[in-house]
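**Q** here is the input, now give the coordinates:
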Amino acid sequence: MLILMRPTATDGDVERVAEKVRELGYQPHKMPGAQRIAVAITGNPGPVDPGLFSQLPGVAEAVSISKPWKLVSRETHPHDTVIEIQTPKLAARIGGGVFAVIAGPCAVETREQTLASARAVRSAGARFLRGGAFKPRTSPYSFQGTKIDGLKILAEARAETGMPVVTEVIDPSHVDLVAEYADVLQIGTRNAQNFALLEAVAQIRKPIMLKRGMSSTIQEFLMAAEYIIKGGNYQVILCERGIRTFEPMTRNTLDLGSIPLIQAAHSPAHHRRSLARHRRLAAGGAHGPRRVGRRRRRRDGRRPPRSGIGLVRRPAVAAPRRLRRAHDLAARHRSGRRDRGAVKKFLSIRAPVATSARWSKSSSRAWKKPIPSNWRSSTSTAIRRCRSSTASRSRW
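**A** The predicted structure is shown next:
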C-alpha cells in the first residue's frame, strides 16, 4: 500500500503515519516527491485496510499497489529516477531521458591496458568507465581478476579521465572495499539472486547497477531490485544483458521484449549491448566482438529509447587462429576456388598486425603471392604487414 500525504503535511504527520505502520508490524518507507511525500508499506502478507490511515492528519489517500515489486513500481514512484555522479573533471548522469554510454575493458589486466582503454572511450564520448577487478568465472582455473590492484588501477584511470568507475562486487565482505574505489557498484548476472549481497549493497549510498540473471524472469529481475530499494538505496540501474536460451550459436539472446517492461519501473534501464549481440565463434574470439557498431535509427528517424548502453573495448591484437583462417581462405581464392562463401568469410575477418611463428613457417608459401587488389584495403594491408615484418612475428 502507498499512503499519499498532502502537500501541507508536516514532518510530524509523516512520522505519525510511519509509527502507525510499525504498530501493525509492517515496515514504512518514506519517499519524498517533488510536491509531497509518500509512505510505502512493505511486509504485509495481504491487503491493508485504507481506513486505518485515511483519518490520520495530513493523509490525502491510501492507494493499494497491485504489483509484487512495490518500491520499484511507478505506482509508488511515478517519476524517473535520475542518478548523478560528480567527479573533479566530469559530471555524469543516467536516467530521466539522458543517454549514457558506459564503456571500458572487460577485465582490468594491466595498468597500460586500462589507461589506454579509458582514454579511448573518453575521447569517443563515454561518460562512465567500466572494468572488472573481481571476475567470477565458471571455471576455477580461469583468470579471476587483479582484485585490489585492479581497483587501484581503475582509481588512477578515473583521476586521469574524470569518468566515474563502474566495477563488480562479488562478495558481501568486499562491499566496503569496492565502494572505497568505485562510483557505481555492479551486481553481475551470477549474483543477481545472491540475496545476502543484495542486502549488503543496499546499506551503502552509492548507485548499484543490477544485471539481469542469465536465466531470470522479469519478475525475478525486478524483485532483486526490490531487495536493494527495500534496504534504503533507491539508486538502482537495471541492466538487460541478454539471457540464456536453447540457441547454442550465440552466447546470450537479447530479450527486446523486456525493455518496455523494465521501463515500467522508475529505475534507469541500461542495455548491455556487447554481451547480447556477439556469436560464440565471432571474429572477436571467446570474449566477444572487438568493435561494436553505432546505435541504429528507427524508420521514423528517432533513436530507440534507452537510458544507457554498455560497451566492452577489446584489444587490437587478435588470436593467431583468426589469421590462419584468413590465410587458408586467401590461398583458396588464389588457387581458383573463388566461391562466394569463401569471399564473404575472408572479408569478415579482421586480420591482426602480428602473426604466429608457430604456423607461419609451415604456411610461408601462401605469403609469397600478392594479395588481390580488390580485397578490402584494411585487411590486405594488415596481411602484407604480417608477411613482411619479421619483428612482428617474433612477438608471438
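**Q** contacts and neighbour counts: CA atoms only from here.
**A** Will do.
**Q** tally of neighbours for residue 44?
**A** Other residues within reach of residue 44, judged by other CA atoms under 10 Å, total 13.
**Q** now do the contacts for it.
**A** With contacts taken as CA atoms under 8 Å, 6 or more residues apart in numbering, residue 44 has the following neighbours: residue 26.
**Q** element containing it, please.
**A** Element membership for residue 44 (DSSP states H and E) is empty, with no helix or strand holding it.
**Q** per-residue confidence for it?
**A** Residue 44 carries a pLDDT value of 79.
**Q** same deal with the one 3 residues further on?
**A** The model reports residue 47 with a pLDDT of 79.
**Q** go on, residue 125?
**A** The predicted local confidence for residue 125 comes out at a pLDDT of 89.
**Q** three-state assignment of it?
**A** Following DSSP: H, G, I helix; E, B strand; the rest coil, residue 125 is assigned to coil.
**Q** which one is it nearest to, not counting chain neighbours?
**A** residue 101 (7.5 Å; CA to CA, 6 or more residues apart in numbering).
**Q** hmm, residue 122 and the one you found touching each other?
**A** No: under the criterion of CA atoms under 8 Å, residue 101 lies out of contact with residue 122, with a separation of 9.8 Å.
**Q** the more surrounded of these two?
**A** Here residue 101 and residue 122 are set side by side on neighbour count (other CA under 10 Å), and the busier one is residue 101, at 24 against 19.
**Q** helix, strand or coil for the residue nearest to residue 189 when sequence neighbours are not counted?
**A** Leaving aside its chain neighbours, residue 189 sits nearest to residue 213 (4.3 Å; criterion: CA to CA, 6+ apart). In the three-state summary, residue 213 is assigned as coil, counting by three-state DSSP.
**Q** I'd assumed residue 187 was in contact with residue 213.
**A** No: with contact taken as CA under 8 Å, residue 213 and residue 187 are classed as non-touching, separated by 9.7 Å.
**Q** returning to what we had before: assign a three-state SS to the residue nearest to residue 125, would you?
**A** Reduced to three states with three-state DSSP, the structure at residue 101 is strand.
**Q** how much space is there between it and residue 130?
**A** In this structure, residue 101 and residue 130 are 10 Å apart, going by CA to CA, to the nearest Å.
**Q** next: residue 236.
**A** Using CA to CA, we find residue 236 at a distance of 16 Å from residue 130.
**Q** where does the chain dip in pLDDT?
**A** 34, 66, 271-396 (pLDDT under 70).
**Q** change it to 50
**A** 280-295, 298, 304, 315-319, 338, 342-347, 349-376, 378-379, 389-396 (pLDDT under 50).
**Q** can you list the domains in it?
**A** Listed domain ranges for the chain are 2-63, 83-312, 320-394 (source: automatic domain parsing).
**Q** got the contact list for the closest residue to residue 28 other than its chain neighbours?
**A** Spatial nearest neighbour of residue 28, chain neighbours left out: residue 41 (4.9 Å); criterion: CA to CA, 6+ apart. By CA under 8 Å, 6+ apart, the residues touching residue 41 are 1-3, 21, 26-29.
**Q** for residue 145, state which of these is nearest.
**A** Distance to residue 145 across those (CA to CA) is lowest for residue 29, with 37.9 Å.
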